[in-house]
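**Q** Provided below are the primary sequence and the corresponding predicted coordinates.
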Amino acid sequence: MTPVTTVSGSAYPWGAKNIDTDVIIPAHWLKTISRAGLGRGAFETVRAQPGNIFDDPRYAGAPILIAGDNFGCGSSREHAAWALADMGIRAVIAPSFSDIFSGNAFKNGIVPVVLPQEAVDRLLEAAQDAPVTVDLETMTVTTAYQDRFPFQLDPFRRQCLMEGLDEVGLTLARDTAISKFEGAMHERRPWIEERRGYADVAVEGAGRT
């Protein structure tokens, strides 16, 4: 996972409320297990409407999405986070998020920023002609108009985002400690390894019959 310390650039000033995961990525896109290409299906029904914000050239390639309350509700599909990441979104700002979507966003390097509705309303206005910056170092959202809004994140999740650690990365980061523990277990309880050996032999024998 790519580390995230600062997300800065244009932002989609959408503000729509109660956007569920079926709007983010429709169900017929869920047949794939690959993350690549899902950005094409992101907000498909919204993009079918003339003059929609996602096809507005002013916000092309925007890394930030400003949404309304209860973003990411509905099904638990992780494809929603995959689709956002594939279209280049690295941060979503909203008054609230679905818990499951928020967790999926963190796992895929997307920063879910919770701000009061008043702050979101101001950002929706400012983002129409100015860049927005989400800074995990200072834990603030700022604009070129000197707006400054503090936000909070779980410290562990913030660290994971800044270091680019997903669940696999976290495990690998503890490789030395895991190897040391397994070595100590082998010395203290060698019979465990012996039983594993017997099990492997039994499986091989069954495969030959």
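**A** Great, that's in hand.

**Q** Only C-alpha atoms from now on, for both contacts and neighbour counts.
**A** OK.

**Q** can you tell me the helix or strand for the residue positioned nearest the centre of the chain?
**A** By CA atoms, centre = their mean, the chain has its centre lying nearest to Ala105, at 2.2 Å. For Ala105, the element it lies in under DSSP states H and E is helix 99-107.

**Q** Mind giving me the packing neighbours of that helix?
**A** In terms of contacts (3 or more CA pairs under 8 Å, 6 or more residues apart in numbering; DSSP states H and E), helix 99-107 is packed against helix 79-86, strand 111-114.

**Q** which residues touch it?
**A** By CA atoms under 8 Å, 6 or more residues apart in numbering, the residues outside helix 99-107 that reach it are 72-73, 76, 78, 80-81, 111-112, 157, 161, 166-167.

**Q** I'd like the residues you listed as a markdown table, with pLDDT, distance to Gly39 and neighbour count appended.
**A** A markdown table is the format used below for those (pLDDT from 0 to 100; distance: CA to CA, whole Å; neighbours: other CA atoms under 10 Å):
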| residue | pLDDT | distance to Gly39 | neighbour count |
| --- | --- | --- | --- |
| Gly72 | 98 | 16 | 28 |
| Cys73 | 97 | 19 | 21 |
| Ser76 | 92 | 18 | 17 |
| Glu78 | 94 | 13 | 19 |
| Ala80 | 97 | 9 | 29 |
| Ala81 | 97 | 10 | 29 |
| Val111 | 98 | 17 | 27 |
| Pro112 | 98 | 18 | 24 |
| Arg157 | 94 | 24 | 16 |
| Leu161 | 96 | 21 | 23 |
| Asp166 | 72 | 21 | 19 |
| Glu167 | 61 | 23 | 11 |
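
**Q** Show me which of those is closest to His28.
**A** Ala80 (12.4 Å; CA to CA).
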